[in-house]
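1. Sequence and predicted structure below; questions after.
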Amino acid sequence: MRILLILTLILGINSCKAQSISENKLYGKWILVTETDSFPDDIEPLAENNSNSESESGSKAELKTTLTFNKDKKIFINQMGNEYDATYKLTDSTLTIGNRNYVIVKIDKNKLIYKNKGGLFDKHYEYKKVE
């Protein structure tokens, strides 16, 4: 019985530590690279535009989707020039942004991939770290 209690405590402490490590990787600014459906043949990476030309609504650099995760559980979203502030929460592999839930597929220091959780469509979003 004591061994079971000790193992439970050790595993609980390790899971808390793993949670904070994943959250530390999340902090910073991310730019959307690819948005895909659940079918591999539908994968079309978003084109990065290095042009300096101006469009009607401003520069093309503003027409990217970025996420900026802060340590105070707030997120700044710039979606094609539309800006939003929201809160986020990371629980195990579930990322909650505002009232939407996503499943984190992969997170490391340079890449973040998540997908819709329980949605009608199984969209995957791949981001690369900017800062």
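-> That came through fine. Numbering: from 1, shown residues only.
2. Low-confidence ranges, the chain, go.
-> Under the criterion pLDDT under 70, the flagged ranges of the chain are 4-21, 38-63, 119-121, 131.
3. Run a quick neighbour tally on residue 74.
-> Counted with other CB atoms under 10 Å, residues neighbouring residue 74 total 12. Just so you know, the C-beta spots here come from the backbone N, C-alpha and C atoms, and that holds for glycine as well.
4. This protein: helices as residue ranges?
-> Under the criterion DSSP state H, the chain carries helices at the ranges 2-26.
5. Grab the nearest non-local neighbour of residue 115.
-> Counting by CB to CB, 6 or more residues apart in numbering, residue 115 lies nearest to residue 124, which is 4.7 Å off, once chain neighbours are set aside.
6. and the one you found, what are its bridge partners?
-> Applying DSSP bridges to residue 124 gives these bridge partners: residue 36, residue 115.
7. same deal with the one 5 residues further on?
-> For residue 129, the beta-bridge assignment (DSSP bridges) gives partners residue 30.
8. and the gap between it and residue 99?
-> Counting by CB to CB, to the nearest Å, the gap from residue 129 to residue 99 is 25 Å.
9. if you count what's nearby, which of these two comes out ahead?
-> Neighbours per residue, other CB under 10 Å: of residue 129 and residue 99, the larger number sits with residue 129, 16 against 7.
10. Quick one: residues contacting the more buried one.
-> Contact analysis of residue 129 by CB atoms under 8 Å, 6 or more residues apart in numbering lists 28-30, 109-112.
11. Restricted to buried residues, select these in ChimeraX.
-> Buried members of the contacts of residue 129, defined by 16 or more other CB atoms under 10 Å, are picked up in ChimeraX with:
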select :30,112
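12. which of the contacts of residue 129 lies closest to residue 69?
-> The shortest distance between residue 69 and any of these, using CB to CB, involves residue 28 and amounts to 6.4 Å.
13. Give me the distance between that closest one and residue 107.
-> Noted for residue 28: a distance of 12 Å to residue 107, by CB to CB.
14. what's the answer for residue 22, then?
-> Using CB to CB, residue 22 is found at 6 Å from residue 107.
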